[in-house]
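>>> Next one to model:
(chains A and B)
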Amino acid sequence: MTDLLKLSGVHTHIGRYHILQGIDLVVPQGQTTMLLGRNGAGKTTSLRTIMGLWQASSGEITLAGERIEARTTPDIARLGVGYVPESMAVFSDLTVKENLVLAARDGPLDDKQLDWIFGFFPALRRFWLSRAGSLSGGQKQMLSIARAIVEPRKLLLIDEPTKGLAPAIVMALIECLKEIKRKGATILLVEQNFFAARELGDHVLVMDNGTIVHRGEMAALAADVPLQERLLGLSLEAHQ
Amino acid sequence: MMLLSGDPPRSRVLTIVLLVIILALAATPFIFPGAKAMNVAAKICIFAALVASYDLLLGYTGTVSFAHTMFYGIGSYAIAIALYTMGPNWGAVATGIVIGLPLAALLALAIGLFSLRVAAIFFAMITLAVASAFQVLASQMSWLTGGEDGRSFQLPDLLRPGTVLIPKSLIGFEFNGRTLTFYLVFVASTLMILALLRVVNSPFGRVLQAIRENRFRAEALGFRTVFHLTYANCLAALVAASAGILNALWLRYAGPDTSLSFSIMLDILLMVVIGGMGTIYGAIIGAAIFILAQNYLQSLMGVASKAAGEAGLPLLPGLLHPDRWLLWLGLLFIASVYFFPTGVVGRLRSGRAGKTSDAAH
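Numbers count the residues shown, from 1 in each chain, chains lettered A, B, ... in the order given. Got it, this is the predicted structure:
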C-alpha cells in the first residue's frame, strides 16, 4: 500500500496565528482517511493548506511523490486533487449542469460517469437546468460532491459533508461515499459526525491544537469508547 | 436564438422594450429627422456597447475598474490623431484602428497581470490611478492630442454629410454620408453587443461567473483566475476602445471631455446599475434610459412646468422649472436604484420568474 499524500512537519500561519504546528500525516492510496478533532483543531486549515489555499509556512507536502507545497491552487487541482469545501460550496448563480461542466474543466462531461452520479443523486438529474442557488441544502451538498467526482481524481479532500444535513440525506451521502470508496478513490475526509466517520473510515487521524494527537485504524477507535472520550470528548453511543 | 447565444431576454416585457429600442434606433434617420435625434441615437448605440463591455467586468467578474474610460479614450484619440495627421482617408482610419485596439489591449493586459492578483478594492484604486495619470498625460502631450482642446478632424469623403448616396427624390429622404456613419455606428455596436453575449454564454463566461461568486472555489477547480480575469479585462478594453473609435468618428472630434473625463466613467456605472448588472441586455436599457433622460428631461420639464403654470397649480411650476432638471435626473436615478435594485432587466426577469414559480406551485 503506497502513500498517495504525505505531509511532513507542515506549519501554517494565518496572520499572527500559528494554526498548524508541525503536521505529519500520510494518506494511503485507495483508502479513506478520516481527520477528526474538535472545532478549531486545524482540520479545515489542513485541507486548505494541502489545496494551496493557505500557503504552508514550512514543511513538505508530497502528492504521488511530487512536492506541491509551493504550487498554486489551480496547479494542485490539475494534478488531480478534488476539493469539496464545507458549507455546500456550489456556484449558486449557475445551473446544476453548468456547475458540473465547470468541474469537468477542459473536457465534455462523461455520460457514464454522469449516470453513475445520478444513480445516487437523482435530484441532480431532476434539477439539471435549475439554478444551483435554488436547490435545498442537501441537494447543494450532493452537487458539491458530484462536482468533485465528475472526473476521476487522484485524491478527494472532503470537508464535513454531513454538516447541517437531515439524517436521511446523511445516510444517502454515506452510501454515495462508500460507493466512491469501492471504486478505489483515495479520500481524506474531515468529519464531525462520528457515525459517518465509523462507517467510512479505514484510517483515522485525530487533531488537537494544530497537531496530530492520534493515528490508527478507524475500527480500533470506534471500538475504544474511553479513547474516543479522551480524544474527542464524545462517546459513540451519543452519536448513534 | 443562435444570434443571442442561447441567452434570450427571458421576459416578454423585456423583449418588447428591447425590440422597441432597437427598432427605434435603426429607424431614427427615417422617423426622427433632425441632428439632435441622430446624435442621441448614435450616443445610445455607442454607450450600449461601452456599458455592455463594462458589464463584462463588473457584472460577470465582479471587478470594479475605473480605467474603462481610458480605453474608450485610447480608441477615440487613436482614430482622431490618425485622421488629423494623415488626412481624411481610409488608410488613416485603418491606422487608427490598428494602433488603438492593440494599445488598449496591451495596457489592459499590463494592468490585469500586475493588479488582478490583489484584492478587488486595490485593483479599483490602481485603475483609478492609471486612468488619472493617462488623463493628465493626454492633456500634457498637447502636440499630439491637442491638449484640453482635443483634436477635430475630417472624415473620409464617403462618411461626410455632404456626400449624397441616395437622393431624396428616390426614397423620400436623403441618405448621405452622415446617415451611413450612423448605420456604421449602429451595426458595429450591435455586433459588439452580440459578441459580448457570445462571450458571457461561453464556457469562459461561466468561469467568469464562478470567479465572481467565489474566486477561491474556482481556483480549487483548477482555473487560473488571474488569466481569466486578465482575458476579460482585455476583451472589455477592446470593446471600449472600439466604442471610442465609433464615438470619435461620429463626433469628428476627440477631446478630454468627450472621451476621457471621469464623469463618463460615472455615467457608465449608472447605466450598468440602472439596466441591470450581469445581463448584457441591461446595457441597452441603461444607456437608452440614461441618455434619453440626459437629453430630453429638461425640455420635457419645460413643457410640464408651463402646463402646470397655465393650470394655476401652486409650487409645481417652480419645482418643474427646466433649470432644476439635474435635481430631477438625480432623483430619477435614486428612484430607479431603489425600486429596481437588480436593474430594470433583473426586475423584469424576476417578475417573470415569480409568475412561473407561482404557476408551478
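
>>> Leaving out chain neighbours, which residue sits closest to the residue nearest the centre of chain B?
The geometric centre of chain B, computed from its C-alpha atoms, lies nearest to residue B:47 (C-alpha atoms, centre = their mean), at 2.3 Å. Closest residue to residue B:47 apart from its sequence neighbours, by C-beta to C-beta, 6 or more residues apart in numbering or on different chains: residue B:287 at 4.0 Å. Yep, even glycine has a C-beta here, placed from its N, CA and C like the rest.

>>> Mean confidence (pLDDT) on the strand or helix carrying the one you found, please.
Per DSSP states H and E, residue B:287 falls inside helix B:281-310. Mean per-residue pLDDT for helix B:281-310: 92.

>>> Counting neighbours, which bits of it end up buried?
By neighbour count on 16 or more other C-beta atoms under 10 Å in any protein chain shown, the buried set for helix B:281-310 is B:281-293, B:295, B:297-298, B:300-301, B:304-305, B:308.

>>> the helices in the stretch 201-350 of chain B, which residues?
Ranges of helices within the stretch 201-350 of chain B are B:203-213, B:215-220, B:225-251, B:256-259, B:262-275, B:281-310, B:316-319, B:325-339, B:343-360, based on DSSP state H, counting those that start in this stretch.

>>> Residue B:18 is nearest to which of those helices?
Set against residue B:18 and scored by C-beta to C-beta, the helices of the stretch 201-350 of chain B come closest in helix B:281-310, at 6.1 Å.

>>> How about the residues of the stretch 1-150 of chain B by chain A?
With the criterion set to C-beta under 8 Å from any C-beta of the partner chain, the stretch 1-150 of chain B never comes near chain A.

>>> how about low-confidence regions in the stretch 1-150 of chain B?
Residues of the stretch 1-150 of chain B that meet the criterion pLDDT under 70 lie in B:1.

>>> how about whichever residue of the stretch 151-300 of chain B sits closest to chain A, what does it touch?
Nearest residue of the stretch 151-300 of chain B to chain A (C-beta to the nearest C-beta) works out as residue B:222 at 3.5 Å. By C-beta atoms under 8 Å, 6 or more residues apart in numbering or on different chains, the residues touching residue B:222 are A:74, A:77-78, A:105.

>>> List the residues that contact residue 50.
Unless you meant another one, I'm taking chain A. Contacts of residue A:50 by C-beta under 8 Å, 6+ apart are A:5, A:7, A:61, A:68, A:76, A:81, A:157, A:188.

>>> Let me rephrase: I mean chain B.
Contacts here follow C-beta under 8 Å, 6+ apart; on that basis residue B:50 touches B:68, B:72, B:239-240, B:243-244, B:268, B:283, B:287.

>>> So which residue is smack in the middle of chain A?
By C-alpha atoms, centre = their mean, chain A has its centre lying nearest to residue A:158, at 1.2 Å.

>>> Am I right that that residue is in a helix?
No. Membership of residue A:158 in a helix is not supported by DSSP: H, G, I helix; E, B strand; the rest coil, which gives strand.

>>> Next one: the residue nearest to it when sequence neighbours are not counted, what pLDDT does it get?
In space, and not counting its chain neighbours, residue A:158 is closest to residue A:84: 4.4 Å by C-beta to C-beta, 6+ apart. On the pLDDT scale, residue A:84 is placed at 92.

>>> okay if I get the helices of the stretch 201-350 of chain B as CSV plus distance to residue B:174?
Output for the helices of the stretch 201-350 of chain B, formatted as CSV (distance: least, C-beta to C-beta, whole Å):
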stretch, distance to residue B:174
helix B:203-213, 42
helix B:215-220, 54
helix B:225-251, 18
helix B:256-259, 27
helix B:262-275, 32
helix B:281-310, 24
helix B:316-319, 41
helix B:325-339, 33
helix B:343-360, 36
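
>>> Tell me which of the ones you listed lies nearest to residue A:19.
Closest approach to residue A:19 among the helices of the stretch 201-350 of chain B (C-beta to C-beta): helix B:215-220, 16.8 Å.

>>> right, is that closest one up against chain A?
Yes. Interface with chain A: helix B:215-220 contributes B:216-220 (C-beta under 8 Å from any C-beta).

>>> Quick check: the gap between residue A:42 and residue A:155.
If you measure residue A:42 against residue A:155 using C-beta to C-beta, to the nearest Å, the figure is 19 Å.

>>> and the residue nearest to residue B:47, what does it touch?
Going by C-beta under 8 Å, 6+ apart, residue B:287 touches B:44, B:47-48, B:50-51, B:271, B:275.

>>> Would you list the buried entries among those?
Using 16+ other C-beta under 10 Å as the threshold, B:44, B:47-48, B:50-51, B:271, B:275 are the buried ones among these.

>>> ok, the helix or strand where residue B:199 lies near chain A or not?
Take DSSP H and E as the rule and residue B:199 turns out to sit in helix B:177-200. No. Taking C-beta under 8 Å from any C-beta as the criterion, helix B:177-200 and chain A are apart, separated by no less than 11.9 Å.

>>> now that helix against helix B:225-251, angle please.
Counting by axes from the mean of the first three to the mean of the last three C-alpha atoms, to 10 degrees, helix B:177-200 lies at 170 degrees to helix B:225-251.

>>> tell me which residues of helix B:177-200 are tucked away?
B:177-182, B:184-186, B:188-190, B:192-193, B:195-200.

>>> before we move on, what about stretch B:326-344?
Under 16+ other C-beta under 10 Å, the buried positions of stretch B:326-344 are B:328-329, B:332-333, B:336, B:340, B:342-344.

>>> With stretch A:57-77 instead?
For stretch A:57-77, by 16+ other C-beta under 10 Å, it's A:59, A:61-64, A:68-69, A:71-74, A:76-77.

>>> Among those, give me the pair with the biggest separation.
Across the buried residues of stretch A:57-77, the longest distance by C-beta to C-beta is 21.4 Å; it joins A:59 and A:74.

>>> Could you pull up the contacting residues of residue A:53?
A:73, B:216, B:219-220.

>>> Please identify the helix or strand for it.
Using DSSP H and E, no helix or strand contains residue A:53.

>>> picking that back up, which ones among the buried residues of stretch A:57-77 map onto helices?
When the buried residues of stretch A:57-77 are checked against helices (DSSP state H), the matches are A:73-74, A:76-77.

>>> got those residues as TSV, with distance to chain B and pLDDT columns?
Formatted as TSV, those follow (distance: C-beta to the nearest C-beta, whole Å; pLDDT from 0 to 100):
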residue	distance to chain B	pLDDT
A:73	4	95
A:74	5	95
A:76	8	96
A:77	4	94
